[in-house]
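> Prediction below, plus the sequence it came from.
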Amino acid sequence: METIRLQDIQEAALRLKPHVHRTPVLSSETLNLLCGRKLFFKAEHLQKTGSFKVRGAMNAALQLQAPRGLLTRSSGNHAQGVAFAARTLGLPCTVVMYEDASEVKKQAVRSYGATVVDAGVTHLNADQKVQELMDQTGFTFIHAYENLQVMAGQGTQALELIGQMEAPDAVLVAVGGGGMISGIATVLKSLWPDTQVIGVEPELGNDAQQSLRAGRRVSLAAPPETLADAVRPMSPGVLTFPVMQRLVDDILTVQEETILQAQHLMMRHLKQVVEPTAALPLAAVLEHFHLPERLALFVCGGNWLPE
C-alpha cells in the first residue's frame, strides 16, 4: 500500500510556504502549574481558515492537473480548507456538509465562495451525494484524510514545530480519520525518534483506540455524539491506519466534561478562542496522570462561537 514519507512532507512544506502561516508555539505558566507539566501549544487555530486543515487541502489542490473545480465532504474545517484552496486557485468549489454541522463553519465555507450542499445530508448518505455531484460537475474530490497529499500537508506543522522548540517527551494530537496524526508521526519518528506520539479521542468516539488495540480497523455503530465535532469519523482511514499502527505510540480517550473544562482553561489562560476538538490534547493532560513532563500539544482549530 502507498504511504507518505518524510520527503513528501518536506516537499509539501516548500509548496505551501507562500500560502499558509507559520504558526507560533504558545505557553502559559499558569497552565503549567495547574497541570504539573511543561506544555507547549502548536497554535494551528491561528492558521489561515482557523485550522490546520488548509495545509492538506492546499497541498493536494496544488498538485492537480487542470481541475474543473474542487469538491469535498466535511463537517467544517476541511471544507474551509478546500474552499480556501479553490478561491486561491480561481476554481469553483462545492462542499457537501452534514445537515447538523456547525452553522459557523457553514457560513465560513460560503465566505470563501464555495457552494454548500447540506439539505438532507447525513453521515449515511453523504458519500452518495458526493458521487452524484462528481458525476454532474466533473469536479475533483479531495478527501479529508484518505489522500496521501492531504496527509503530507498535515505533517508540515510538525516540521515547523521541530524548528521552534527542543524535542518534548511526547506530543498529543486529536484523532479523527487519522490524517493529521499520520503526517505528524511520519515527521517526528524520523527526526525526534525518542518523542512519543499520542493520539486523543473522545470516549464516545474511540474508533482509533479500538482499532489499534484490535490490530484492524474497527468501525463504530453510529457517528459519536461528542462536543468534539471535528473528530466524528466512525473508523480510521484505509490509508491512515497503517501509518498509525506503525508510528503512533498510544491513543487515549477523554470524557466530554473534561473536553469542555480544557477548552475553558485554554481560553482563560492562553487567551485564545479554540474549538472543543482543539482541547482534546489538554483534556488528556487533565485526565491521564502518567504522561511525561514536557509535552507539545497540537491545537487543531479555532472555528467556534458560543451558542
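That came in fine, so what should we check first?
> Cross-check the contact I'm expecting between Glu287 and Glu257.
No - at 10.1 Å, Glu287 does not count as touching Glu257 under the criterion of CB atoms under 8 Å. Using the backbone N, CA and C atoms, a C-beta is placed for each residue, glycine as well.
> more crowded one of those two?
Using other CB atoms under 10 Å as the criterion, Glu287 and Glu257 rank with Glu287 on top: 18 against 10.
> residues contacting that one?
Contacts for Glu287 were tallied using CB atoms under 8 Å, 6 or more residues apart in numbering; they are Leu252, Val254, Gln255, Thr258.
> got a winner among the residues you listed for most neighbours?
Val254 (27 neighbours).
> pretty sure that residue contacts Ala283?
Yes - contact status for Val254 versus Ala283: in contact at 4.0 Å, counting by CB under 8 Å.
> which residues are in contact with both of the two?
Val200, Ala262.
> In helices, which of the contacts of Glu287 fall?
If you go by DSSP state H, those have Thr258 in helices.
> from the contacts of Glu287, which is closest to Ile4?
Lowest distance from Ile4 to those (CB to CB) belongs to Leu252, with 23.8 Å.
> Was I right to think the closest one contacts Leu286?
No - counting by CB under 8 Å, Leu252 does not reach Leu286; the two are 11.1 Å apart.
> By mean pLDDT, point me to the weakest helix or strand of this structure.
helix 103-111 (a mean of 88; mean pLDDT, DSSP states H and E).
> what's the spacing between it and its chain's center?
Mean-position distance between helix 103-111 and its chain equals 18 Å (CA atoms, centre = their mean, to the nearest Å).
> Which other helices and strands does that helix contact?
helix 77-89, strand 115-117 (3 or more CB pairs under 8 Å, 6 or more residues apart in numbering; DSSP states H and E).
> Throw those into a markdown table and include distance to Gly153, thanks.
A markdown table is the format used below for the helices and strands packed on helix 103-111 (distance: least, CB to CB, whole Å):
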| stretch | distance to Gly153 |
| --- | --- |
| helix 77-89 | 9 |
| strand 115-117 | 23 |
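> For Asp207, which of those is the nearest?
Between those, helix 77-89 lies closest to Asp207; by CB to CB that is 17.7 Å.
> hmm, who's touching the closest one?
Contacts for helix 77-89 (CB under 8 Å, 6+ apart): 19, 48-58, 60-62, 69-72, 74, 92-93, 95, 97, 105, 108-109, 112-114, 116, 142, 144, 230, 300-301, 303.
> So which of those residues belong to helices?
Lys53, Val54, Arg55, Gly56, Ala57, Met58, Ala60, Ala61, Leu62, Lys105, Ala108, Val109.
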